[in-house]
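Asks: fold the following, please.
(4 chains)
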Protein chains: 2
Amino acid sequence: MQTIFAALAEPQRLRIVDLLRRGPRAVGEIQGALRLRQPQVSKHLKVLQGAGMVAVRRDAQRRIYALRPQPLAVLDEWLEPYRRYWNTRLDALEAHLDTTADQPRTRRSTKRA
Amino acid sequence: MQTIFAALAEPQRLRIVDLLRRGPRAVGEIQGALRLRQPQVSKHLKVLQGAGMVAVRRDAQRRIYALRPQPLAVLDEWLEPYRRYWNTRLDALEAHLDTTADQPRTRRSTKRA
DNA sequence: ATCGTATATTCTCTTGAGGGAATATTCAAG
DNA sequence: CTTGAATATTCCCTCAAGAGAATATACGAT
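Replies: Numbering: from 1, shown residues only, chains lettered A, B, ... in the order given. Below is the predicted model:
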């Protein structure tokens, strides 16, 4: 889980994943599509591979990388309990709470505590 | 999106989120439950807040943190196109591909490319 | 055996994230 | 206005992640 999040936390890596969703690609293709340097592409792919998110196949001297569904499926499962959670809350009492700063005054007693 | 992943990539932060799923908590409670030091808890909460993942409410000199559903809902949406993806692939041709190393030989032509 | 293409690896450098300790701030109570 | 509890902030330190450049490796072609 941690590994999956970490892998996706990196911008370029997320781009790669998003690209691979449309089908397998060779390193060079990824490089071209995302305007990255070849070594960085390889490095990122290595990380993604370490997270089990991509699989490699050989084609002569090229390596074709493909997205592996499993880790994202795991992510999906992880999300499951939260889905119930927000189905409960998303309706009411959402906009009430202030995200960044703390609520000015407004002692609203209908809240919950 | 990036921000969400980054926020959840940190182990302690993931623990906090998982804890808050069971209901809002004051900083001290989180601290006690997860065996962390108070400053780190505050810091992590700040990051989570920056990602819009928690909301704060005041209770005297305590701050009650609650999980905000929205970012996780966003994550859920992000996952959507992938769901189609793995529904297509998860059945066959999954175990074929080698994750960590590259395929030894086996020129299987039923694959796809 | 050589060469050229595609990709991986190594090295170095820089930057930011996270931990720890100390300190500041906020607030209620008296 | 002082005090104590709860929380936030600051400062310092360390470490690892990511970029860039250079180089190594793998493999097909000739």
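Asks: C-alpha from now on. contacts and neighbour counts both.
Replies: Noted.
Asks: which stretches of chain A have low pLDDT?
Replies: Filtered on pLDDT under 70, chain A yields the residue ranges A:89-113.
Asks: what parts of it come near DNA strand D?
Replies: Applying C-alpha under 7 Å from any atom of the strand, one finds that chain A approaches DNA strand D through A:7, A:9, A:10, A:12, A:36, A:37, A:39, A:40, A:44, A:60, A:61.
Asks: switch the residues you listed over to CSV; also include neighbour count, distance to residue A:80 and secondary structure.
Replies: Below are the residues of chain A next to DNA strand D laid out as CSV (neighbours: other C-alpha atoms under 10 Å in any protein chain shown; distance: C-alpha to C-alpha, whole Å; DSSP: H, G, I helix; E, B strand; the rest coil):
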residue, neighbour count, distance to residue A:80, secondary structure
A:7, 26, 20, helix
A:9, 20, 20, helix
A:10, 15, 24, coil
A:12, 16, 27, helix
A:36, 13, 35, coil
A:37, 12, 37, coil
A:39, 11, 37, helix
A:40, 13, 34, helix
A:44, 17, 28, helix
A:60, 7, 42, coil
A:61, 6, 41, coil
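Asks: which of those sits closest to residue B:20?
Replies: Relative to residue B:20, the closest of the residues of chain A next to DNA strand D is residue A:9; by C-alpha to C-alpha it sits at 21.6 Å.
Asks: separation between that closest one and residue A:61?
Replies: 30 Å (C-alpha to C-alpha, to the nearest Å).
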